[in-house]
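Engineer: Here is the input, now give the coordinates:
(chains A and B)
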Amino acid sequence: MSVPLSLGPVADVPLSRINPVAQLTAIGIVTLVLLTSLDVVTPAVVLAAELCLLPAAGLTDLRELWRRTWPLLLGAASVGVVNVLLARDADPLTGVGLALRVIALALPGVLLVAATDPVRLADALTIHWRVSTRFAYGALAALRLAPLLVAEFEAVRLARRTRGVEAGRNPVARVRLLAGVAFTLLVGAVRRGSRLATAMDARGFDSGVPRSNARGSRLRRRDAWFVVVTAAVCALAVGLSVVSGAWSPVFVG
Amino acid sequence: MARGLGIRHASRRAWALAGVDLVVEPGERVLLTGASGAGKSTLLAALAGILDPESAEQTGELTVDGIPPAAARGRLGMLAQDPDSQLVMTRAGDDVAFGLENAGLPAEEIWPRVDEALRAVGFGYGRDRPTQALSGGEKQRLVLAGALARRPGLLLLDEPTAQLDPDGAALVRSAVARATADRRTTVLVVDHDAGPWLPLVDRVVELGPDGLVEQPAGWRPPSRAAGLELPPAAGGPVLLTAEAAGFTYRGAPEPALRPVDATVRGGTALAVTGGNGRGKSTLALLLAGLRAPTTGQVVAAAELAAGVRGGGRAPVRWRAGELVTRIGTVFQHPEQQFLTGRLRDELALGPLRSGSGAAAARATAEELLERLGLTPFAEANPYTLSGGQQRRLSVATVLATSPRVLVLDEPTFGQDAATWREVVTLLAEQRARGCAVVAVTHDADLVGALADAELAL
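Structural biologist: Below you'll find the predicted structure:
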């Protein structure tokens, strides 16, 4: 099969050294700042800083970067174009600002996914933020199974043809067939999920004993610096925006 | 230990288990065998304490170390069939550590025990090995290590090799033997295929319709092919040929199937054999008209293609309704092919989709139910059948449209002796009626009993 059958660990890149909760905190700051400013300068500065982090997340290959971000770029572009075309006082700059804002908001998520092993994320969340282990490791186990669905989708579609069920060129039949395939997949996923839950139970998961963590998750000085620098960049962005006279926060009329 | 144990599932009237007495001493290795549907899995689930009291009624007494199984769960280790639904983590070491973390062990005690468990099962890679890069047999070894790391008193193995090829199965058995050589762990293996486990276990108990039977020392399971009288091959014209047909998935660096020639004749059985990853199943999909070869071609004989709209000779271009009356395909996992909520509807579906009238379709369904001994389940949901029954049903649904060519992917995989004989007999009957049978298989017994020609990839 051309698709990997389950999710693997994420490759170690420089950004992986930053604790996931520090990254999440930084994302929180960036999100807050971007959501409250509607100008073009703030997102431009923030985005420039984010782009500097791409190599640290191992995203230097442009094709790979495109593969991960094309839906995002497409969405941002359409937000920009629609705003320029439909806004009453159509200012191209506003459109560009909104498009940049969308990208700057979403790019940190792309960086986090590229640089953070899901297992480390679950470790950090349960240790530092006291997220329930049941939730964090349950989600982790489920995530591992997601790519299996891709392979199974193809098998189920072919299996329907062997039973004489096929949509041909009729679009309505196609939608119905797809719904049927999705239902079969769902049934399969539920069954596999319950088997997985049994297997986890058999290994004492969520049995009432306080869970320990073999890998641990440490917050170091560099994690604090990461958050501080993020805050500083955001402050710089807002500062430049105010100085240039472009600043227009949402909460002020 | 079980005494007078009886278990009944909420939705069924018959008892899944009745009057079962079984005592397993600490350190013993016991094989529990029996036909599929005999209640082996139910007994195992009860022992593991994972039987839902809401959905099953229980009589008699069942204890592990003198206490109810649900309370003794911390003392149990479990290895089930499907490796992918037992692994939790993305790295091998983390996965073994998972059970120890659940027990609340401090990290400095966890890693030595992880390494010890990985060594015990003979795991050939480091802790950082991504679990997705492992083969089925290696994954099962890892799951075993995860169970053993918790130092269980009782290890329950539920057909742990049923989904593995012969090499993977041997790998798992050797890991079990190696890891329990010190006799500190009691082992209960449940498997209908008793033969391969015999060198490993101290005694064998067989679960039959009359309860448990202790088998004497030196017992061997009866050969499944013994005394099997099959109708001879009828022989016939060429129906389907593959001409240098190969297949490469889009974006894949290597072909899934290198170009190969194959000739499928009516009234004969062709076995497609070969190791994992040679493209056996892919060849089956090409011959079945489910995928188009990326090189070469698959051509149906004029006789087989007669009546197809447009007269096309490539099965992959036929409409599904035309395909099912000419080439029938049985997948390795039967449940992927089930489409309805009742056995009766399931069997009538193919005839209906290929243009039979409702009355004719119903008659075909009734006849097949009768022939395969599935009449008592006519109203049941296909998903609720046992593995062997599902296999028989999936073959029957294909026969319902009387195709001239049957393509089957591992038709005897993980089946007990009774189902094995039924499936082989069923295929031989089709062959005697002039059908071509193409079976992709690892099963040497099947090749020996049925194949008139073998294509080794």
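Engineer: ok, residue A:103 - contacts?
Structural biologist: A:43, A:47, A:72, A:73, A:76 (Cβ atoms under 8 Å, 6 or more residues apart in numbering or on different chains). Every C-beta, even on glycine, is put in place using the N, C-alpha and C of the backbone.
Engineer: Pull up the per-residue confidence for residue B:310.
Structural biologist: Residue B:310 is assigned 80 on the pLDDT scale.
Engineer: gap between it and residue A:164?
Structural biologist: Counting by Cβ to Cβ, to the nearest Å, the separation of residue B:310 from residue A:164 is 18 Å.
Engineer: Could you check which of those two has the larger neighbour count?
Structural biologist: Taking neighbours as other Cβ atoms under 10 Å in any protein chain shown, residue B:310 and residue A:164 compare with residue A:164 leading, 24 against 9.
Engineer: Now do the same contact list for the residue lying closest to residue B:409 once chain neighbours are set aside.
Structural biologist: Once flanking residues are discounted, residue B:409 sits nearest to residue B:332: 4.4 Å by Cβ to Cβ, 6 or more residues apart in numbering or on different chains. Residues near residue B:332 by Cβ under 8 Å, 6+ apart: B:281, B:409, B:410, B:413.
Engineer: you'd agree residue B:332 is in a helix?
Structural biologist: No: counting by DSSP: H, G, I helix; E, B strand; the rest coil, residue B:332 falls outside a helix, being coil.
Engineer: hang on, the earlier thing: for ChimeraX, write the selection for the buried entries among the contacts of residue B:332.
Structural biologist: Here the buried members of the contacts of residue B:332 are turned into a ChimeraX selection, burial being counted by 16 or more other Cβ atoms under 10 Å in any protein chain shown:
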select /B:409,410,413
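Engineer: helices or strands up against the host helix or strand of residue A:156?
Structural biologist: Residue A:156 belongs to helix A:133-162 when assigned by DSSP states H and E. Packed against helix A:133-162 by the contact rule (3 or more Cβ pairs under 8 Å, 6 or more residues apart in numbering or on different chains; DSSP states H and E) you find helix A:118-128, helix A:171-202, helix B:320-324, strand B:327-330.
Engineer: Comparing those, which comes out most buried?
Structural biologist: strand B:327-330 (a mean of 27; mean count of other Cβ atoms under 10 Å in any protein chain shown).
Engineer: In contact with the residue sitting furthest away from the middle of chain A, which residues?
Structural biologist: Taking Cα atoms, centre = their mean, the residue of chain A most remote from its mean C-alpha position is residue A:164, at 39.7 Å. Residue A:164 is in contact with B:320, B:321, B:323, B:324, B:349, B:350, B:353, B:354, B:401, counting by Cβ under 8 Å, 6+ apart.
Engineer: And the pLDDT for it?
Structural biologist: 84.
Engineer: Residue B:271 - that's part of a strand, no?
Structural biologist: Yes: Residue B:271 forms part of a strand when assessed by three-state DSSP.
Engineer: Just grab the bridge partners of it for me.
Structural biologist: residue B:439, residue B:454 (DSSP bridges).
Engineer: quick one: residue B:283 and residue B:439 touch, right?
Structural biologist: No: Residue B:283 is beyond contact range of residue B:439, at 11.6 Å (criterion: Cβ atoms under 8 Å).
Engineer: need the strands for the stretch 101-250 of chain B, in chain order.
Structural biologist: Taking DSSP state E, counting those that start in this stretch, the strands of the stretch 101-250 of chain B run over residues B:154-158, B:186-190, B:203-208, B:211-215, B:238-247.
Engineer: between the longest one and strand B:269-273, how many degrees?
Structural biologist: Comparing the axes of strand B:238-247 and strand B:269-273 via axes from the mean of the first three to the mean of the last three Cα atoms, to 10 degrees yields an angle of 10 degrees.
Engineer: Per-residue confidence, residue 10, what does it come out as?
Structural biologist: You didn't say which chain, so I picked chain A. For residue A:10, the predicted pLDDT is 76.
Engineer: oops, chain B please
Structural biologist: pLDDT, residue B:10: 50.
Engineer: Report the separation between the most centrally placed residue in chain A and chain B.
Structural biologist: Centroid-nearest residue in chain A, with Cα atoms, centre = their mean: residue A:109, separated by 4.4 Å. Here the distance between residue A:109 and chain B works out to 20 Å (Cβ to the nearest Cβ, to the nearest Å).
Engineer: That concludes my questions; thank you for your assistance.
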